[in-house]
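[1] Below is the structure, and that's it, no one-letter string:
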């Protein structure tokens, strides 16, 4: 099963890489067209260059520490590859994966650090309410973690906004 997951992850990264290269080629051809327009006395619109050109949502729905670490590594590696200003990343945790975003997490200090480095962390309020119902108290979230009504719905909304999706 782990080999299948590894294979799927590799395929997703290759696909993401290929899509980003196609996007870069399209950007270059657009820039060349804009340079031609400049010669005609018109100015190109550079506002798109200031937007984050890559957007990714990472699902964390398992309490497996290795998988959670891989999710964080994926986010950090993409920021290194594209630069913090060129990639927008949101990690959405729900179900057993919610533990990643709590004070009891083995990755707590890393999550808090990454939250200050333009990686968004979203905790599922549905999962939190279920934990509260079982234990009598809400899970204590880490500094910099936001809540969303439903983790799955958040992932869907981000995909509708053009975010690529991975689940390590």
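    Great, that's in hand. Since the model is a prediction, treat every value here as computed from it, not as a measurement. Numbers count the residues shown, from 1 in each chain.
[2] switch to C-alpha atoms for all contacts and neighbour counts from now on
    OK.
[3] Identify the residues contacting stretch 104-112?
    65, 69, 72, 99, 100, 101, 102, 142, 143, 144 (CA atoms under 8 Å, 6 or more residues apart in numbering).
[4] same thing but 10 Å
    Contact with stretch 104-112 is made by 63, 65, 68-69, 72, 98-103, 115, 117, 119-121, 139-145, as judged by CA atoms under 10 Å, 6 or more residues apart in numbering.
[5] Residue 149: what's it in contact with?
    Contacts of residue 149 (CA under 10 Å, 6+ apart): 122, 123, 124, 125, 126, 127, 128.
[6] and it, what are its phi and psi?
    Main-chain torsions, residue 149, degrees, to the nearest 10: phi -60, psi -50.
[7] What of residue 90?
    Backbone torsions of residue 90, given as degrees, to the nearest 10, read phi -130, psi 130.
[8] Likewise for residue 124?
    phi -80, psi 120.
[9] Now do the SS call for residue 97.
    helix (DSSP: H, G, I helix; E, B strand; the rest coil).
[10] how close does it sit to residue 160?
    According to CA to CA, to the nearest Å, residue 97 and residue 160 sit 23 Å apart.
[11] Downstream of the helix or strand of the chain with the lowest mean pLDDT, the next helix or strand is which one?
    The helix or strand of the chain with the poorest confidence is helix 47-50; it has a mean of 39 (mean pLDDT, DSSP states H and E). Using DSSP states H and E, the helix or strand that follows helix 47-50 in sequence is strand 54-60.
[12] next structured bit after that next one?
    Following strand 54-60 in sequence order, the next helix or strand is helix 65-82 (DSSP H and E).
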